[in-house]
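Peer 1: Structure, please.
(2 chains)
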Amino acid sequence: MSTIAPPSKRTAPAVTWEVTDGIATVVLDVEGQPVNVISRAVKDEFLACFAALADDSSVRAVAFFSGKADNFIAGADIEEFVTLSSAAEAERLSADGQDMLDRVARFPKPIAVGIHGACLGGGFELALACHYRVATDHPRTQIGLPEVQLGILPGAGGCQRLPRLVGARAALDMILAGKSERAAKAFRLGMVDELVPPAILADITLAAAKRMASGWRPKRKRPGGFVGFLLDGNPLGRRLVFRMARKQVLERTGGNYPAPLGALEAIEYGLRHGITEGLRREAQLFGQLAVTDVSRKLVQIFFATNQLKKDPGVANAPAPVRVQRLGIIGSGFMGSGIAGTAVAQAEVDVRMKDADLGRVSQGILAARAILDDRLKRRRITKYEYARIVALLSGGDTYAGFGRAELTIEAVFEELGVKQQVLREVEAVLPPSGVFASNTSTIPITRIAEAARSPERVIGMHFFSPVAKMPLLEVIPGARTEPQTVSTAVAFGRRMGKTVIVVKDSPGFWVNRILAPYPNEVGHLLAEGASIEEIDSMAVRFGFPVGPVTLLDEVGLDVAVKVAGVMQEAYGDHILPPPGPGVAVLVKEGRLGRKSGRGFYTYTGGKKRGVDESVYGLLGVHPNGGPRPAEILQRLVLGMVNEAARALGEGVVRSPRDGDIGAIFGFGFPPFRGGPLRYADDLSAERVVTDLQRLAERHGARFAPCEVLQEHARQGTKFYA
Amino acid sequence: MPGLNGRRVAVVAGVRTPFSKAGTSLKDVRAVDLARYAARELLERTNLEGTEVDEVIFGQVVPSALVPNIGREVSLLPQFPKEIPAYSLNRACASSNQAVSAAHDQIALGNANIIMAGGAEALSDIPILASRRLADILVEASKAKSLGARIRTFAKIRPKDLVPVAPAIAEPSTGESMGQSAEKMAKENHISREDQDRWALRSHTLAAQGTADGRLTAEIVPWLSSRPGEAIVQQDNGIRTDTSLEQMAKLKPVFDRRYGSVTAANSSPLTDGASAVLLMSDEAARALGYEPLTFIRSYAVAAVDPGWQLLQAPIFAVPTALERAGIQWKDLGLIEIHEAFASQVLSNLQGFAAKGWEINEDIINVMGGSIAIGHPFGATGGRLVTTLSNEMQRRDVQFGLISVCAQGGMGFAMVLERR
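Peer 2: Numbers count the residues shown, from 1 in each chain, chains lettered A, B, ... in the order given. Here you go, the predicted structure:
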């Protein structure tokens, strides 16, 4: 009697394998997706695969790879995650994942994994469960556990296996910040066992599997050496480590984000009570975090930014022009920030131009400082640095601008100056060249009046400092053609920015909805509130800095200028406080951080404290003022009201764009989802009631706008 | 008039960095950075896409041990595609002339349409060598198999082994330095100290005029500060407006203190700088919309026994170049003679005069020469091609000549034409 041998090669949609010389090569390739994500379906396939491999006596070891060219596994399937409705359900999802990886970890045959490309979240947790990890030294190989960025924690054993592999400190560092690391760093930390060039990844991983099949096991040193032993290797040191980490998390999050604390607890609990208990606690905490409002908001933002990454910014847009050379006029703070970010992120050839060589030279050095910083932080190697630095050049003529597909001006904020620059640039640009103005206050349509080709004039409003601020507002003028929009949007994205397309109206979106905010500071000060109190209330709400500090950061001269434009445009509801206002500080040469003095004093680049003489200059006295809760309400609702009004005027295309703009433009607390989402959460009815009460007490500037009133009447929301 | 062989080759544009005396404003800059700067700025000025360039050729006389192939580093500028081949060459002080003529050949033969040629030298950054014995010990130590063996090898180092060796500008075949050769030529050709000083003063006066009226600065791309607080370099810093024959007469001869006449004032200084020249086939230039400055009509290289008059080979190269160009000395409207030493220039002119050629100083080095402007060995040729081409265009001169003496007893000559 003969039996038919099971075929040694099987196929399944995502997980496939092949057995050669006793080694099973398993490949994950989720069809129709640019990257691999782990869904329930993939999980089931994995389990089936491993069950088959366990039964197959010809298999002695396993080598696991991704079938994607430049991606290992991007993480768990977030679409699945958002459908979770209860903590119990989420806990089950986590426990299921843990269970699968437990089977991987306990698999009777050793598993080596070859990692190339992003290996994140659940993908790295899978790799952690394997017995030997080989990664490529390619820049695309990024390894990490970013879960806390979505308000959750690594819930498939990541909080247990990583600290056991690399020590508590390194694991906390990675998990609590949701960081990912380049392969070289991951190797240094012990997250992977070997670092190899991509060309030999498969060979080396297979060789490791073979070695393990014949009984070899990797020897891993205790992470961190002697200091590692002192801090990670014993309960006493660990307690110190966890106390410090908790303190840092609270400082960083202001207690508004539960996920890092949850992750910390999962790690600590596991190290104290053993891995089985640790996994149970990890799943429990995952369940709790997954249904928090904070996590929901962070996931919404994640989806919104992902949608924006694919949004051409304009309907039926022709493909954007690929920018290879960027011209920049004006090499001041903004111009050099744009230049440095453009070379660092988009690696385009940048030519700067300013009135004299001294300024250009300064500008290039300032742009280079952005690269110096990246080099220092080891985000780029010295060879990458050398290559990128050579992209920066400049002069006092328009030489070289004839090759610029895009030119961005960042000259003095004055219509005549900008129009003059536009005329000069148009004379030298190639026929299809786009001219973008980095204005914050001047209508693009006005600037474009000086243009021969207004269809190729557009606004690109960057935020300062350009290298750090993630938002870009793209502003089409009245005659701007769609391809100009898509070109600006696409290039902004290559610069690493989240791009929203906004209407050409005073203040655009961010400065518009921000306008009532510092304005209210004036009213509050006049009523006797103190600077510290105003700032601390805003920070408690979740803003990165308070409105007074924000004024100092922006520069008081700029703020006064913007405020003037806003009052002129929206004088019916943006009413300045009585008294001399911030202009008096500007007159005194107090421009904020950049001049060392504003509301606060600054020495050696550090904020020191409130400069008490400010009160005298402003003619106000800090003697109590409104209740803290009222301060907060006035600051926030004024902004919400303006956001609703601007949305109603079509300044942004959707609540999504508006909220993303507020979060990335000036740090509206992400866990609150943005001003419009926040209004939805409060309900329009309540916002309107509160505004009406404020209006009665403080005047028409708080009168709820029509859009809010309509939502209140209909009981509807911005996000339907 | 078309070239005698193959396709016509146009000089489209040229630039150079400021030339700075060694140890001054460009002392911290490597030659490769100077070369890359000049090359990139030439692309800017001409608005040329780097993708159009077929090859890069750069000259350098004293290469750095760390960057032996400067040409390739230039072609690896991000403004060029990585697929542009490149090489570096050394024909001593005529290196970038050689780069230009090599580019000419490739274009004339139809192997390329557009080539960037140039040269660079950072005499602030010459390689200082370890002594032979120290080098031997280091090599031995690197092969040592154990720490003990390595320490024993290092223990052999003696203080005198640590004295570094600076390369001298001397002929390997005769041991005679450049300056000594210039001194010898002054004596053998009876060039007086006064005549030499007068030529040097003329060089400074004309270079100062060229700088003041912008003709000379037009070819310079300003060197922007590479770190905060560093000055921007916009002009050559060897050109003197404050010197006089009386002052020059006070200087002591350097190479023969008793009977000599060659001084620091009538010699070219050690200099840092780079130059780059864009060459195209006539058709390519026209297709891309460039108006050529000049065309290369002919060139020639000659050499003499270095033990004779080391810097006198131009008197053999020039007649050949003229003959190949099919023109005569009197047809020349402008002449650029490289000024290594005033005694060499005057010796060369004497040699030309001996052929019955009339020397019209009004058309020679009309914006001064290397004595005033400076002489970064590898870069001077590119400067001469650029300076001459620009001036031929300004004056609308039909024929111009470049004559360069070079180490090793070599001479280089090239004839440019306007139409």
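Peer 1: okay, now the closest residue to B:Leu129 other than its chain neighbours: neighbour count?
Peer 2: Excluding its sequence neighbours, the residue lying closest to B:Leu129 (C-beta to C-beta, 6 or more residues apart in numbering or on different chains) is B:Val165, at 4.3 Å. Every C-beta, even on glycine, is put in place using the N, C-alpha and C of the backbone. Around B:Val165 there are 13 other residues, counting by other C-beta atoms under 10 Å in any protein chain shown.
Peer 1: pLDDT wise, what is B:Val165 at?
Peer 2: Turning to B:Val165, the model gives it a pLDDT of 75.
Peer 1: what residues are up against it?
Peer 2: By C-beta atoms under 8 Å, 6 or more residues apart in numbering or on different chains, the contact list for B:Val165 reads B:128-131.
Peer 1: B:Ile232 is in contact with B:Trp223, isn't it?
Peer 2: Yes. Proximity of B:Ile232 to B:Trp223 meets the contact threshold set by C-beta atoms under 8 Å, at 6.8 Å.
Peer 1: Show me which of those two is the more surrounded one.
Peer 2: Counted by other C-beta under 10 Å, B:Ile232 and B:Trp223 do not tie: B:Trp223 has more neighbours, with 27 against 15.
Peer 1: That one touches B:Gln235, doesn't it?
Peer 2: No. B:Trp223 lies out of contact with B:Gln235 (C-beta under 8 Å); the separation is 10.1 Å.
Peer 1: tell me, what's touching these two both at once?
Peer 2: B:Pro18.
Peer 1: what residues are up against the closest residue to chain A within the stretch 151-300 of chain B?
Peer 2: Going by C-beta to the nearest C-beta, chain A is nearest to B:Leu224 of the stretch 151-300 of chain B, at 4.2 Å. Residues near B:Leu224 by C-beta under 8 Å, 6+ apart: A:357, A:360-361, A:364, A:394, B:232.
Peer 1: State whether B:Val385 and B:Leu416 are indeed in contact, as I suppose.
Peer 2: Yes. The criterion here is C-beta under 8 Å, and B:Val385 meets it with B:Leu416 at 7.5 Å.
Peer 1: So for those two, which residues contact both of them?
Peer 2: Counting by C-beta under 8 Å, 6+ apart, the residues touching both B:Val385 and B:Leu416 are B:11, B:402.
Peer 1: More neighbours: which of these two?
Peer 2: When B:Val385 and B:Leu416 are compared for neighbours, B:Val385 comes out ahead with 30 against 27, by other C-beta under 10 Å.
Peer 1: residues touching that one, list them.
Peer 2: Taking C-beta under 8 Å, 6+ apart as the test, what B:Val385 contacts is B:11, B:14, B:96-97, B:100, B:277, B:402, B:414, B:416.
Peer 1: now do A:Asp373
Peer 2: A:Ala467.
Peer 1: Tell me how far it lies from A:Ala367.
Peer 2: As judged by C-beta to C-beta, to the nearest Å, A:Asp373 and A:Ala367 stand 11 Å apart.
Peer 1: A:Asp232 now?
Peer 2: In this view, A:Asp232 and A:Ala367 are 41 Å apart by C-beta to C-beta.
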